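> Predicted model and sequence below, questions to follow.
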2 protein chains.
Amino acid sequence: MKHQHYSDVNKDEVEGYSGVSLRLLISKKDGANNFVMRLFEIEPGGNTPYHEHDWEHEVFILQGKGEVKKKKGEEKFRAGDFFFIPPSETHQFRNTGDEIVQFLCLIPVQD
Amino acid sequence: MKHQHYSDVNKDEVEGYSGVSLRLLISKKDGANNFVMRLFEIEPGGNTPYHEHDWEHEVFILQGKGEVKKKKGEEKFRAGDFFFIPPSETHQFRNTGDEIVQFLCLIPVQD
């Protein structure tokens, strides 16, 4: 069993992202062969890229507020919201509030 | 894209568990073919069974405090803690505080 507090995990800047950092909480090196748990932080005014990819996201908003840009329009989010983003659906997370947005984002292990 | 607040998802009592309820946030019926996101709540004094199974857990504590019983002893937890529990490792989550414990528990899709 791996058991830690998220704040004890290294926080890495994410290259090419604006004001976004990442902590890799659970991954294949822990023996997790199916899916990976990451914790993202977005600074006020920051955002993830408007992008798409071949794998799905399962997201849970832990703190803060913002909006998700989709192919058609935006949706506001707040703490306690969750998202399932299917493969190949374009999306972007933006922090529109004045505190850090924290969210979990889980993806399949990619071999 | 599925986007909801967790409180808009039905809360179901979990049979055989003491003071435990479950909201199924993301599952195969949403198109999630790899893993399932559930949100558990444990009432003060409640607990999940002391059990083991063939699949892993990825857990993130959203609120509250308690302890995990393992084969050898207990470990305290608090909001922001996370766990990777490998397949076949015996475990139990207990609420030892005076507020509801909330945690996300993700498991692989089982066909």
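Thanks, I have it.
> Just want the phi and psi numbers for residue A:29.
The phi and psi torsions at residue A:29 (degrees, to the nearest 10) take the values phi -70, psi -10.
> no wait, residue A:8
Dihedral angles for residue A:8 - degrees, to the nearest 10 - are phi -90, psi 0.
> pLDDT at residue A:62, what is it?
Reading off the confidence values, residue A:62 has pLDDT 98.
> what's the burial count for it?
20 (other CB atoms under 10 Å in any protein chain shown). (C-beta placed from N, C-alpha, C; glycine too.)
> The lowest-mean-pLDDT helix or strand in chain A pairs with which strands?
Lowest on mean pLDDT, DSSP states H and E among the helices and strands of chain A sits strand A:12-13, with a mean of 93. According to DSSP bridges, strand A:12-13 forms sheet pairs with strand A:18-26 (antiparallel).
> I'd like the average pLDDT over the partner strand.
95.
> Next secondary structure after that strand?
strand A:35-47 (DSSP states H and E).
> Quick check: buried residues in that following strand?
For strand A:35-47, the neighbour count (16 or more other CB atoms under 10 Å in any protein chain shown) marks A:35, A:36, A:37, A:38, A:39, A:40, A:41, A:42, A:46, A:47 as buried.
> just stretch A:71-90 next, same as before
By neighbour count on 16+ other CB under 10 Å, the buried set for stretch A:71-90 is A:77, A:79, A:80, A:81, A:82, A:83, A:84, A:85, A:86.
> can you list contacts of it?
Here stretch A:71-90 makes contact (CB atoms under 8 Å, 6 or more residues apart in numbering or on different chains) with A:50-68, A:70, A:91, A:93, A:96, B:1-7, B:25-26, B:30-32, B:37.
> Name only those of those that count as buried.
Looks like those have A:56-62, A:64-68, A:70, A:91, A:93, A:96, B:1, B:3, B:6, B:25-26, B:30, B:32, B:37 buried, using 16+ other CB under 10 Å.
> Filter the residues you listed down to just the ones in helices.
Counted as lying in helices by DSSP state H, out of the buried ones among the contacts of stretch A:71-90, is not a single one.
> How about stretch A:51-68 and chain B, touching?
Yes: Stretch A:51-68 reaches chain B (CB under 8 Å from any CB of the partner chain) through A:56, A:58, A:60, A:62, A:68.
> Go ahead and list the helix or strand containing the nearest residue to the last one once chain neighbours are set aside.
Just to be clear, that refers to residue A:68. Of all residues not flanking residue A:68 in the chain, residue A:75 sits nearest, at 5.1 Å (CB to CB, 6 or more residues apart in numbering or on different chains). Residue A:75 belongs to strand A:74-78 when assigned by DSSP H and E.
> Mind listing the strands that strand pairs with, and their directions?
With DSSP bridges as the test, strand A:74-78 pairs up with strand A:65-69 (antiparallel).
> Show residues contacting the partner strand.
A:42, A:50, A:74-79, A:83, A:91-97, A:101, B:1, B:3.
> If I take that strand and strand A:35-47, what angle do their directions form?
Counting by axes from the mean of the first three to the mean of the last three CA atoms, to 10 degrees, strand A:65-69 lies at 100 degrees to strand A:35-47.
> what mean pLDDT does strand A:65-69 have?
For strand A:65-69, the per-residue pLDDT averages 98.
> can I assume residue A:49 is in contact with residue A:16?
Yes: using CB atoms under 8 Å, residue A:49 is in contact with residue A:16, at 6.8 Å.
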